[in-house]
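Enquirer: Next comes the sequence, and after it the predicted model I'd like to discuss.
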There are 4 protein chains.
Amino acid sequence: MELGLIGLGKMGGNMRERIRRAGHTVVGYDRNPELSDVPSLQALVESLKGPRVVWVMVPAGAPTQATIDELAGLLSPGDVVVDGGNSRWTDDEKHAAELAERGIGFVDCGVSGGVWGLENGYALMYGGDEENVAKVQPVFDALKPAGDFGSVHAGKVGAGHFAKMVHNGIEYAMMQAYAEGWELLEAVDSVTDVREVFRSWREGTVIRSWLLDLAVNALDEDEHLEKLRGFAQDSGEGRWTVEAAIDHAVPLPAITASLFARFSSRQDDSPAMKMIAALRNQFGGHAVEAAGSSDTK
Amino acid sequence: MELGLIGLGKMGGNMRERIRRAGHTVVGYDRNPELSDVPSLQALVESLKGPRVVWVMVPAGAPTQATIDELAGLLSPGDVVVDGGNSRWTDDEKHAAELAERGIGFVDCGVSGGVWGLENGYALMYGGDEENVAKVQPVFDALKPAGDFGSVHAGKVGAGHFAKMVHNGIEYAMMQAYAEGWELLEAVDSVTDVREVFRSWREGTVIRSWLLDLAVNALDEDEHLEKLRGFAQDSGEGRWTVEAAIDHAVPLPAITASLFARFSSRQDDSPAMKMIAALRNQFGGHAVEAAGSSDTK
Amino acid sequence: MELGLIGLGKMGGNMRERIRRAGHTVVGYDRNPELSDVPSLQALVESLKGPRVVWVMVPAGAPTQATIDELAGLLSPGDVVVDGGNSRWTDDEKHAAELAERGIGFVDCGVSGGVWGLENGYALMYGGDEENVAKVQPVFDALKPAGDFGSVHAGKVGAGHFAKMVHNGIEYAMMQAYAEGWELLEAVDSVTDVREVFRSWREGTVIRSWLLDLAVNALDEDEHLEKLRGFAQDSGEGRWTVEAAIDHAVPLPAITASLFARFSSRQDDSPAMKMIAALRNQFGGHAVEAAGSSDTK
Amino acid sequence: MELGLIGLGKMGGNMRERIRRAGHTVVGYDRNPELSDVPSLQALVESLKGPRVVWVMVPAGAPTQATIDELAGLLSPGDVVVDGGNSRWTDDEKHAAELAERGIGFVDCGVSGGVWGLENGYALMYGGDEENVAKVQPVFDALKPAGDFGSVHAGKVGAGHFAKMVHNGIEYAMMQAYAEGWELLEAVDSVTDVREVFRSWREGTVIRSWLLDLAVNALDEDEHLEKLRGFAQDSGEGRWTVEAAIDHAVPLPAITASLFARFSSRQDDSPAMKMIAALRNQFGGHAVEAAGSSDTK
């Protein structure tokens, strides 16, 4: 089949390659003319026979909104837009409604795979009507991993991004789990080879996983991670997971702890802990040093 | 080689079988005469040629202590005792010292594998001197999984149980991660097939793991887990992980949150939340119902 | 001065009384004619001499929005609307802009005090321009407690509700602090009179507070809180505090833990813990009972 | 009455003064001869008429143990030892048993008051038999604050230190509550005077407390706490509170979060967050910078 693909960065470029390897035609557009197959969105749309499928793979928020706005004016009834970026699930219904006014279908798709996706396939979670999903199915089949798993029609519009968001929330807490365990093992004297402990866990344990394999890779490059700062960004999806949980009164203590650990990692100094230090000083002694050195109250 | 194996319950019985399949001789003892190969610990010890290796696989605490005390009187210098149970790592040095007084070696070994171990092998984490470990190595090789991983000499005496304990701590937080994600997905209307979302994650995602495979198995048996109570025991190892972290001033927010979630799951009613309800009543209104229905303060 | 006051429920009714006791004229309106001084909002507006100050004390969200919409059509340039309800701070800028189009000023005010406010005064945190705040100042002075503290011009429009929201977030964690301590004391045998321990803390300790006084009151009514369920509602403000923290990448572990504890308290059974139970069953044994009774893996 | 007081540091010295002001005789001993009233423990014991009351106010652990050991050899049946230091409650039964062998009574007493105690009185929580407590009662009455509250016979031996330990656990979470709220208020632009917001809360709010008063004092000295590092020590009591909770399967999420925040505050860099950064790098891109700047997976 034919696919229009908008956004040819690290993710989009590899996805174009994987879809082409599966025998499909991909017309790619990127603002960067060196990456782009066509000079404009309009040219992309005109190069596809209807009913068209156009996959949007640009940053969430304003870039995605602008792209969908422009596509709404260029596409025809019966065409389908797929948002494969990291949009917040709450945007999906708005985008679907905007396109539906012109008879254009919408499917949201969360994509996981990173730098490994080109070779191993991308995990896909998508949401939307059966009819629209069916039009995109050959592309989903080309992108997904080769095995029995890796793609799912998760539900209605928004369900794809929601499921991908929860995937990332789980990912945060799993990473935190290994990170906490690693820190504790590194802290004790009796365990003399933490890296080999991690390596051994790759088989026969309850905690074997792909993330564990990656942890071993990382430790093989830098046994005590001395070349790295303990500094971790967070994407929107971890935050949105907690916000969604609050909306539904679902307690997420481990995922939220993992998000907060990242927030803290980016603070040079903790304002909250300044207040703790100040209070200890107030009730425990006049000098900050005294407060720190004695806690008898 | 020859091995004496004490404790032939679910774990020990399967381990005996796996070691025998590897061609070794195992003399097993259990308090239950129907399971036991010999009538007594003394008979077990007498049936082995020196230097003997005796593997203790009984519950942590008093039963392990009693067994080691008895072995101390029966074994000879140069023999080695392996504690393969779930002992707290702080017990290992005591046991090693007790046995060393009589020239008997000691190795501690954390074992992971559960009901899957007989077929897939047991993950092993052990601690002790090279010399003592070498005497047990053929048994470790028989028990471990077939691949390149799954066993490790983690360090000094105590390191094996410590590593296994941290493994379990990580396991707690990984399980909590999936559990939180599952609860959130089940809470929203747009995601219409949570089980298929979990199944899809088995390939191509960042969060693929053996625990995820088990989660899919569980959902295949009971799609919404309606047959289960949300009630989870905890073994000592989760608690000990947090205690070890406190000893070393290592923050473990996700693992600890997972442990506390289990504590809460076993309470019919939360005393703490009674106090919250009482306080809201005090400042918000005179009736508990009024306190619950209005939060304007 | 004259004040129009809309919403004469438990809070608004007492506030009317306190303002009147200070010698001001209050014209109150409520949908319930038995509480209302005037038959309609229009009658309320007509009964006040300009420049008018109208205080809105109705539930946050749609009721407040509807009231402000109606006032926008009734009031005149130079009048001021005060939103004293529990509105989310993000609504305040919208309300201020809507009213500013017609030359009407806006002040947001978070109010704390509950059932104690009539006698002790209400703590007030307000936001807005100096000019608008000045028009409301006599009412603030009437409502606030008698001492040196209890009211603050916190900043720009929205700052009042933001400060009140953070007050409530702090309140959540303080209540949780006492609740956790109480539960732990009740759990041990050696402490034979927990209520008297709490009572003793009212003087000379680091943790003496008004909330502690209330806790003692509650324990005097019901020593072990046996008449209460451990079930706690949460108002929007706890949730908003966490959301605001996420927006600003501020870690709030204790406040968030307190919010999640309330969520959990309202669940008959925890879906997440069903998943934990299911996973333990999968790797630890075939029967759920077996999984629960043995944790050796 | 007569009291022997051992340990005349910041706490002990002020306590001697307060007890003397109440008209009692205090014979003080300190290793530092400049502080001491007598040259030795033996001299202290000999200077008191029986039945003697000797109050131990030295650091927990080895110093307290050594003092009690020495007193066991010096005192007579019917005498009473009070441990007023910060001993772990689990030590109290051991000390009581050791002394009981010689007919000497034991009372444990948790003391709160810090630098404010001399003037305001010390909050006291004590445990032990009625008979022994009665012998110390005049000293308790001298030390406690002037009002109706501030001292309690909490229960059996150990109950005093346990109650004081829980007091400190609650204190941790209350301090964290204010600290988190302060950090969030400082993070937003609309709130232009955070210090005045805190000051206003001193009256009429739900969160008014002595700790809040101290926070205002601290902000008056340094409005944005710029002179302080966000670095907080923890005493043993916060750790013991969490350990006691684990022993009793009591969830303490807010108190534990507060403890872990202190642990984190003392780390120059977080090992756990190094692992998070390493994992993000592994699955998200080859360069650490790339991993940090893009989170699309």
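Expert: The structure has been received and is ready for your questions.

Enquirer: Just list the residues touching the residue positioned nearest the centre of chain A, thanks.
Expert: With the centre of chain A defined as its mean C-alpha position, the nearest residue by Cα atoms, centre = their mean is residue A:168, 5.7 Å away. Contacts for residue A:168 (Cβ atoms under 8 Å, 6 or more residues apart in numbering or on different chains) come out as A:235, A:237-238, A:241, B:206, D:297. All C-beta atoms are positioned from the backbone trio N, CA, C, and that covers glycine.

Enquirer: Show me where chain A has its strands.
Expert: Applying DSSP state E to chain A gives strands spanning A:2-6, A:25-29, A:53-56, A:80-83, A:105-112, A:123-127, A:151-155.

Enquirer: Return the most buried member of the ones you listed.
Expert: strand A:123-127 (a mean of 30; mean count of other Cβ atoms under 10 Å in any protein chain shown).

Enquirer: still on that earlier bit, could the contacts of residue A:168 go into JSON lines alongside distance to chain C, neighbour count and pLDDT?
Expert: Formatted as JSON lines, those follow (distance: Cβ to the nearest Cβ, whole Å; neighbours: other Cβ atoms under 10 Å in any protein chain shown; pLDDT from 0 to 100):
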{"residue": "A:235", "distance to chain C": "12", "neighbour count": "20", "pLDDT": "84"}
{"residue": "A:237", "distance to chain C": "12", "neighbour count": "24", "pLDDT": "94"}
{"residue": "A:238", "distance to chain C": "9", "neighbour count": "25", "pLDDT": "96"}
{"residue": "A:241", "distance to chain C": "10", "neighbour count": "29", "pLDDT": "98"}
{"residue": "B:206", "distance to chain C": "19", "neighbour count": "27", "pLDDT": "95"}
{"residue": "D:297", "distance to chain C": "20", "neighbour count": "27", "pLDDT": "39"}
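
Enquirer: ok so, going back, would JSON lines of the strands of chain A with distance to chain D be doable?
Expert: Shown next, in JSON lines, are the strands of chain A (distance: least, Cβ to the nearest Cβ, whole Å):
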{"stretch": "strand A:2-6", "distance to chain D": "15"}
{"stretch": "strand A:25-29", "distance to chain D": "17"}
{"stretch": "strand A:53-56", "distance to chain D": "13"}
{"stretch": "strand A:80-83", "distance to chain D": "13"}
{"stretch": "strand A:105-112", "distance to chain D": "5"}
{"stretch": "strand A:123-127", "distance to chain D": "9"}
{"stretch": "strand A:151-155", "distance to chain D": "15"}
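
Enquirer: Including distance to residue C:195 and mean pLDDT, could those strands go into CSV?
Expert: Putting the strands of chain A into CSV (distance: least, Cβ to Cβ, whole Å; pLDDT from 0 to 100) gives the following:
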stretch, distance to residue C:195, mean pLDDT
strand A:2-6, 67, 98
strand A:25-29, 72, 98
strand A:53-56, 63, 98
strand A:80-83, 59, 98
strand A:105-112, 53, 97
strand A:123-127, 53, 98
strand A:151-155, 51, 98
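
Enquirer: Can you list which of the contacts of residue A:168 are found in helices?
Expert: Secondary structure assignment by DSSP state H places A:237-238, A:241 of the contacts of residue A:168 in helices.

Enquirer: Name the nearest of these relative to chain B.
Expert: residue A:241 (7.1 Å; Cβ to the nearest Cβ).

Enquirer: Now the closest one: closest residue in space, sequence neighbours ignored.
Expert: Nearest residue to residue A:241, sequence neighbours excluded (Cβ to Cβ, 6 or more residues apart in numbering or on different chains): residue A:169, at 3.3 Å.

Enquirer: List the contacts of that neighbour.
Expert: Residue A:169 neighbours (Cβ under 8 Å, 6+ apart): A:237-238, A:241-242, A:252, A:255, B:177, B:180-181, B:184.

Enquirer: and if you look at residue A:81?
Expert: A:54, A:56, A:68, A:71, A:75, A:95, A:99, A:104-107.

Enquirer: can you list these in JSON lines and add distance to chain C?
Expert: Below are the contacts of residue A:81 laid out as JSON lines (distance: Cβ to the nearest Cβ, whole Å):
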{"residue": "A:54", "distance to chain C": "32"}
{"residue": "A:56", "distance to chain C": "26"}
{"residue": "A:68", "distance to chain C": "25"}
{"residue": "A:71", "distance to chain C": "30"}
{"residue": "A:75", "distance to chain C": "34"}
{"residue": "A:95", "distance to chain C": "23"}
{"residue": "A:99", "distance to chain C": "28"}
{"residue": "A:104", "distance to chain C": "31"}
{"residue": "A:105", "distance to chain C": "33"}
{"residue": "A:106", "distance to chain C": "27"}
{"residue": "A:107", "distance to chain C": "28"}
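
Enquirer: Put together JSON lines for these, with distance to residue A:37 on each row.
Expert: Shown next, in JSON lines, are the contacts of residue A:81 (distance: Cβ to Cβ, whole Å):
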{"residue": "A:54", "distance to residue A:37": "13"}
{"residue": "A:56", "distance to residue A:37": "15"}
{"residue": "A:68", "distance to residue A:37": "20"}
{"residue": "A:71", "distance to residue A:37": "17"}
{"residue": "A:75", "distance to residue A:37": "18"}
{"residue": "A:95", "distance to residue A:37": "24"}
{"residue": "A:99", "distance to residue A:37": "23"}
{"residue": "A:104", "distance to residue A:37": "22"}
{"residue": "A:105", "distance to residue A:37": "23"}
{"residue": "A:106", "distance to residue A:37": "23"}
{"residue": "A:107", "distance to residue A:37": "22"}
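
Enquirer: That concludes my questions; thank you for your assistance.
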